[in-house]
Structures are given as C-alpha cells and as structure tokens.
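Colleague: Test case, fold it:
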Amino acid sequence: MKSKITGFQEAVALIPSNSQILISSLMSVLCPDRLLLELSKAFKEKAAPCDLTVFTPCRPGWAADSGMENLAEKGLLKRVISGSFNTKQTPRFAAMIHSNAVEAYSFSMGVMYQWIHAAASGMPGLITQVGLDTYVDPRRGGGRINEAAKEDLVEHITLEGELYLRYLPQKFDVALLRGTTADEWGNITCEEEPVVLALLRMAQAAKSNGGKVIIQVKRIAKGGSLHSRQVVIPGALVDVVVVDPEQKQSIEPYNPYWTGELCALDDTARDIPLDSKKVILRRALLELKAGYMVNLGVGIPVDIPTVAKEEGIFDEVIFSTEHGCIGGYPSGVSTFGTHSNPQALLDTVSNFAMYHGGCLDIAYLGFAEIDKQGNVNVSYFNGALRGSGGFIDITHKTKTVVLCGTLTSGGLDVSIDKGNIVIRQEGKYKKFVKQVGHITFSGKEALRKGQRVLFITERCVLQLMHDGLHLLEVAPGIDVQKDILGRIEFPIIYDTQVVPMNPVLFEEQKMGIKLD
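Modeller: Down below sits the predicted model:
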C-alpha cells in the first residue's frame, strides 16, 4: 500500500480544466478551505485549471476571504450549481453572478444531495416530485438565476399519470472534500466534524465517472490504524490526501458537544426578552404535540428550542435540521446545522430521504414574501440572492408547515405594553404582496397534497385554504383594518368575530403549556 499523502500544489494539478467538481461544505463546517485557496492561487499563476463547473449543495465558506469567494476569479469558473448563496458574505462571487460572468443555477439542497446519490449509483438522473411549481420547475425557470444560464438541467416526465421532475444526469470529474484524519492509505474519519454531509456519496460519484477524489484533513495516522467503524470514506475511493494542521472545526471555537465526544451539562437556557419575536415563537410552540419530529429553518425559528426549554417541553419533541442532526440542541445561525448533544448524526442524503418521504410532523420556517396563492419566497428577493437551501425539501411532504415572521419589515418597531401589541413604527416593506418574485414554496402544491399551512406573525395568525388566506387570530391592541388589512396587498378572508390570540403569549411569566 502506497502513501496517498501529497502537497497542495500537486493535488490541485490533478484538477483538469473544463471539469465539474463537487465541493463538500456546510458554510464553515467541512469546507476544504485551504484546497480552494490553493486552487485560486494556481489559476492566478498559471491560468489553469479554468472554466470549471462547481456543484455544491451548500455554499462553501462563511467570510469574505473563504470558500466560494476564493473562486471568484473571471475565467476560473464557467458555471456554479448550488443550493445556497449569500450576497453580503460573498460580494465578489455575487457580482460575477449578477454580471453574467458565470452561469448560475440554484436547486434545493436535498435534491442536490439526492442528485449526487443518483450519479454515484449510475442512475439516469433524479426523478422526483420535489420542486414542482417552484422556481426549479421548468415552467418557472428551471433553476436558472441569471441570463448566462442557458442549458436545461431539469425536465418534466409523466409516470402513471403523475407529473414528475427529472433532474438530468450529472458527471463529476473531481471531488474536493474534507475530513478530520487520514491514514497513509487514504482512509478518512470525521471524529471532529459536527456532520458528515454526503462525503461518501460525493467520493462515489466522482469515482463512478473515473474522476479524482482529493481530501483535505487535519492530521495523519499510520496506515491501517484507524478503527474501521469510524472510516467515512475508504481509501480505495481516495486518490490523494492533503494536510492542513490549522484546519478548524468551524468559525467558532472547537466544540466537543457537537460530535458526541462529550455530553454538555444541560442547565438553563438563555433568556429571550418578551418582544415581537418571542410572541411569534410562543405561538409557534402551541402547534406542537408530544413526540413530534420537528425541523427548524434559519431566521426566527432558530430560537424555538430556547423557548421550548423555558416552557419545560424541550424534551417532549425531537428537533432536527436537514444536514443530519437528530435530537439535541440546535445551534444558531453562524453554525446552523450543528447540534449540541445530538441523539443521532445521519448522513445528509439519508436525512433528506426521510424528509422527502414525509417523516416530519411539523416544520418551522421563515419567509421574505407571501402572496395571495400562499406562495412563499425566501430564495431571491430585493436583489438579494439566497437560494432555497433545504426549504423546498423540508416543505415537500411535511404535515404542518408553519411560516414565522413579522408582518412587515424595514424599521418595524413593536413593543408589548400591558398585554397589548403596540406598533411604534410600521415597517417600510410589505411582506404579504400580490405576487412573490420567486416561488420557493408553492401554495397550490401544498393544497393539492393536503398540507396544513400557517403564517404566524406578531399581530395575527393566518391559514392557507383553497379559497385564499384566512385570518384566524388577532393580537390584542391590533386594529384589523389598519394594522393587518392595510398592510397586506391582497384581500384575505376573515370573520368580524375573529378569535383573539391567546393572552398568555403577551405576558412576562411562562405560558405553562403542556403537550398532548
């Protein structure tokens, strides 16, 4: 057995021009950042490799000097296919997309992981109903997010009278991945990583096409010394290994409670002040039942576990995030997808298969825009490109979908006084609009599938029905005409005797709720 350890320059030299590369990443987690930096250096020095296609379900990197920002060089990239973007954190890369200097596509994260699995298995693309009537549907753009993106990557097919999407076959030439430890023979373990994403499937997808697998790790062990049950990628699938001893677990200090190395003492949760956000979180909790499997999205829903702890019901449900963590305490936005004290760590392909199959009881997600059909936009709004992340996958078959957010945005100032909502300054931007600019969630499809869809704001609760949005509850102190109807660009259906929101939501003391 020969050693597979090599230098960064030698590894990058294995990447051919005009190739399609897979990159593992959950922002700063599992990102082969040093490899991407060395790839950028090679291009600047030699103008090669060039014209690359990057296929990455979640954007690599977090700061402006890492991840995709290192690849934001004209000529280095020809095309990018990703489930997430961030205009603020990757300004040069975003500028390339907006100026059509690179072909840009966005698909849902879970579909992209299943797509990789299809390539690894030699299947003729991915056939699924996930994404119908959203922006990835060919009728609504086919995932294209700029004019440079011309090629069709998804099409419609009909099976047994049902409409499906077929995401066309992809061939991968290189996989740039990351683990914690490699032995000399290329076996890879991930003991310091909070998630494993789709590392094995990515390696398999590259090798099944005769491509190269390049792994960045933190340290090296003697050949054959790693415990076989800890090996995530076998050395037989690995071409070369590069070592970055400065490799960090994430942008935050090393956390042994994310990996199962240690179990954190579970004392008291941090306090969230009684404000509009906490009102939304409290009302969202009232939709829970004991034993529910719950998914949390980025934004306001991130703090639902904190309020659940405060109310003493945290241990009665199971919180999950799409990247593979089941149970435990989900982290905040900067390291979203990691959990302290997880009960299980699944690979992301398996986790999304579970979501696509309808195993979630309820999902709490944010929103940027909502229209009269109940369509939701979180992927592209006000010129900000975000991508859908796992939103399309999470909402595909979940029984109850709860969208959480304020009714307006942009300078909204709300206080709570003696149990009443007081709007001291209204937001400049309406979020309930006549037509959303990008459909990340299809209200029509949700109704067809019989899903229950709620919209919880600081001043009211609405529900999607076949005849439109119905106003179910109104907060104390709110004028329906002025503060709700006057801030929504389309007619909603309501009874003049609309039910008030539960007054305990607006009181300082705990709500004292119990789950059925």
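
Colleague: What are the boundaries of the helices in the stretch 1-150 of the chain?
Modeller: Under the criterion DSSP state H, counting those that start in this stretch, helices of the stretch 1-150 of the chain are mapped to 8-12, 33-46, 91-98, 109-121.

Colleague: Make TSV from the ones you listed and add distance to G366 to it.
Modeller: Every C-beta, even on glycine, is put in place using the N, C-alpha and C of the backbone. Output for the helices of the stretch 1-150 of the chain, formatted as TSV (distance: least, CB to CB, whole Å):
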stretch	distance to G366
helix 8-12	38
helix 33-46	28
helix 91-98	20
helix 109-121	16
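
Colleague: right, so of those helices, which gets closest to N382?
Modeller: Of all the helices of the stretch 1-150 of the chain, it is helix 91-98 that lies closest to N382, at 13.3 Å by CB to CB.

Colleague: Can you give the distance of the closest one from its chain's centre?
Modeller: 20 Å (CA atoms, centre = their mean, to the nearest Å).

Colleague: Now it: average pLDDT?
Modeller: If you average the pLDDT over helix 91-98, you get 94.

Colleague: mind listing what's buried in that helix?
Modeller: Within helix 91-98, the residues that count as buried by 16 or more other CB atoms under 10 Å are 93-94, 96-97.

Colleague: And for it, what's in contact with it?
Modeller: 64, 68-69, 71-72, 74, 77, 80, 85-87, 101-102, 104, 145-146, 385 (CB atoms under 8 Å, 6 or more residues apart in numbering).

Colleague: do that again at 7 Å, thanks
Modeller: 64, 68-69, 72, 85, 87, 102, 104, 145-146, 385 (CB atoms under 7 Å, 6 or more residues apart in numbering).

Colleague: now do stretch 330-349
Modeller: Applying CB under 7 Å, 6+ apart, the contact partners of stretch 330-349 are 26, 29, 113-114, 117, 194-198, 200-201, 250-252, 257-258, 260, 263-264, 296, 298, 302, 305, 319, 321, 323-329.

Colleague: Inside helices: which ones of those?
Modeller: When DSSP state H defines the helices, the subset of these inside them is 113-114, 117, 200-201, 305.

Colleague: Save those residues as JSON lines, and put in distance to K434 too.
Modeller: Formatted as JSON lines, these follow (distance: CB to CB, whole Å):
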{"residue": "Y113", "distance to K434": "34"}
{"residue": "Q114", "distance to K434": "34"}
{"residue": "H117", "distance to K434": "39"}
{"residue": "L200", "distance to K434": "46"}
{"residue": "R201", "distance to K434": "41"}
{"residue": "P305", "distance to K434": "35"}
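
Colleague: Looking at the buried residues of helix 91-98, spot the one nearest D239.
Modeller: Of all the buried residues of helix 91-98, F93 has the smallest distance to D239: 27.2 Å, by CB to CB.

Colleague: Give me the distance between the closest one and K46.
Modeller: Separation of F93 from K46 (CB to CB, to the nearest Å) stands at 21 Å.

Colleague: A284 belongs to a helix, doesn't it?
Modeller: Yes - with the criterion set as DSSP: H, G, I helix; E, B strand; the rest coil, the secondary structure at A284 is a helix.

Colleague: what residues are up against it?
Modeller: By CB under 7 Å, 6+ apart, the residues touching A284 are 304, 364, 402, 404, 456.

Colleague: Would you write out the PyMOL command that picks the buried residues out of these?
Modeller: Listed next is the PyMOL selection for buried residues among the contacts of A284, using 16+ other CB under 10 Å:
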select buried, resi 304+364+402+404+456
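
Colleague: From the contacts of A284, which land in strands?
Modeller: If you go by DSSP state E, the contacts of A284 have 364, 402, 404, 456 in strands.

Colleague: Run a quick neighbour tally on the residue lying closest to the third one once chain neighbours are set aside.
Modeller: Nearest-residue entry for C404: I300, 4.7 Å, with adjacent residues in sequence omitted and distances by CB to CB, 6 or more residues apart in numbering. The burial metric for I300, expressed as a neighbour count using other CB atoms under 10 Å, is 24.

Colleague: What of the one 5 residues further on?
Modeller: Around P305 sit 21 other residues, with neighbours defined as other CB under 10 Å.

Colleague: ok, now S66?
Modeller: The number of residues packed near S66 is 21, by other CB under 10 Å.

Colleague: L35 too?
Modeller: Around L35 there are 24 other residues, counting by other CB under 10 Å.

Colleague: Check the spacing between it and Y254 real quick.
Modeller: Remark: distance between L35 and Y254 (CB to CB) = 21 Å.

Colleague: ditto for V279
Modeller: In terms of CB to CB, V279 sits 36 Å off from Y254.

Colleague: who has more neighbours, the two?
Modeller: Between V279 and Y254, counted using other CB under 10 Å, the more crowded position is V279 (22 against 11).
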